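In: Here's a sequence, model it:
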Amino acid sequence: MVLLRVDPLGLSRSRFALSPFAETLSAMIVLSRPCTDFWLAAWHARHQAAFRARLDADPFTRGLVMLCGSTKYLPDHLVLPPPGGMGTTLESELVEVARVPDTAVRSSLVRSVAQSWEAHDLDWLTGHAHGARTAELFREVWQEHVAAHWAGRRALLERDVTYRAGLLAAHGWPRALHQMSRRSAWVGADAIRFNDRPGPDRVVGPDGMLFVPVSGPCGAWLCEAPGRPYALVYPARGAGGQCEGERLDPARSERAVARLIGAGRAAILRELARPATTSELAALLGQSLGTVGGHLAVLREADLLVGTRVGRRVVYQRTELGDLLADAGPGSASSAAEPT
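Out: Here you go, the predicted structure:
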């Protein structure tokens, strides 16, 4: 079990960040596999054929992507902490990746191959300037498959940050970090469990940690670099629902919930797969603040959702009962997150 040990000073300086690079890496892994998540189905269907053609045409791309999707140790040059907090840009991250020396790239790839659960080789790692080639690959994948959807995805990620910031303000970091990933958890008084595999503990420095949501449905990874804060990448709440399991027909599920509680309230409950404020819901659904507020009051009385105050705003999220009613799989897709 790998623990991230953090003292009170480091914890007080921990914060959230965004990483377009991590979002692109997550998208590449998702596109390399069959789609299992309803909310990503339209995007996946539109982009997978072109992405698979890229894999078939370029051994470097195929080798790197397939390795990343089947190893317990992501290559070091792909897991650098984002440098700009919530305002991190892709270009700022690509500059750092491009600077990684070939010897360092090869060394970390060898370790990734050794910790993969599938057979891999490095015959595809030919030539030189591996860091620069990786940066160019990520730039192209971002432009072709992610950039057009970034506004919606960023809104999803910011809503997760808002939700967790509310928990942080009200209850502290242990509650804010609850269920970031399937394996992470707060342990004792001073440690975050990163995963349940054997490995050395890490000591978080006085600058604290970064917590970085991505919209991919499964998996989490740790980013580290000398002299930089650790960054824990995790799937945003509601981004992909469950990672496994049988799904109900989405249209049938939505009709059933609408008949039970009304179409307007069902739409709000479905949208709250990702926490949101009243004004965010009104904008997403094209309804007035008064209408949304009335629906929220009824849903709260029915114990289908709860509100957490963050400064002057109240962020709403579904309860476990609300998740069950909305079926948090087919019904968790937001039209604002992934346009069809």
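In: Give me the neighbour count for the closest residue to residue 75 other than its chain neighbours.
Out: Closest residue to residue 75 apart from its sequence neighbours, by Cβ to Cβ, 6 or more residues apart in numbering: residue 108 at 4.4 Å. The way it works is simple: take the backbone N, C-alpha and C, and place the C-beta from them, glycine included. Residues contacting residue 108 under the criterion other Cβ atoms under 10 Å number 18.
In: ditto for residue 143
Out: When neighbours are counted by other Cβ under 10 Å, residue 143 registers 12.
In: Could you report the separation of it from residue 303?
Out: Distance from residue 143 to residue 303, counting by Cβ to Cβ, to the nearest Å: 45 Å.
In: go on, residue 154?
Out: 31 Å.
In: Just the strands from the stretch 201-340 of the chain, written as ranges.
Out: Taking DSSP state E, counting those that start in this stretch, the strands of the stretch 201-340 of the chain run over residues 202-204, 210-214, 221-223, 231-235, 305-310, 313-318.
In: Please, which helix or strand holds the residue located most distally from the centre of the chain?
Out: What lies farthest from the middle of the chain is residue 127; by Cα atoms, centre = their mean that is 33.0 Å. Of the helices and strands defined by DSSP states H and E, none includes residue 127.
In: chain center to stretch 161-172, what's the gap?
Out: The chain centre lies 17 Å from the centre of stretch 161-172; the measure is Cα atoms, centre = their mean, to the nearest Å.
In: And the helices in this structure, which stretches?
Out: For the chain, the helices defined by DSSP state H cover 8-12, 20-31, 41-57, 59-68, 90-98, 102-114, 130-141, 150-171, 173-176, 250-261, 263-271, 278-285, 289-301, 320-326.
In: any low-confidence regions in the stretch 101-250 of the chain?
Out: Counting by pLDDT under 70, the low-confidence segments of the stretch 101-250 of the chain come to 179, 196, 218, 238-250.
In: again, only using 80
Out: Within the stretch 101-250 of the chain, the segments meeting pLDDT under 80 span 166-167, 169-185, 187-190, 194-199, 217-219, 237-250.
In: Contact partners for residue 104?
Out: Residue 104 makes contacts with 76-77, as judged by Cβ atoms under 8 Å, 6 or more residues apart in numbering.
In: With the one 10 residues further on instead?
Out: Taking Cβ under 8 Å, 6+ apart, we find residue 114 in contact with residue 73.
In: so how far is residue 233 from it?
Out: Counting by Cβ to Cβ, the separation of residue 114 from residue 233 is 22 Å.
In: Ok, residue 261 next?
Out: From residue 261 across to residue 233, the span is 35 Å (Cβ to Cβ).
In: for residue 58, same thing?
Out: Residue 58 sits 25 Å away from residue 233, going by Cβ to Cβ.
In: These two - which one has more neighbours?
Out: Legend: neighbour count by other Cβ under 10 Å for residue 58 and residue 233, higher for residue 233 (28 against 15).
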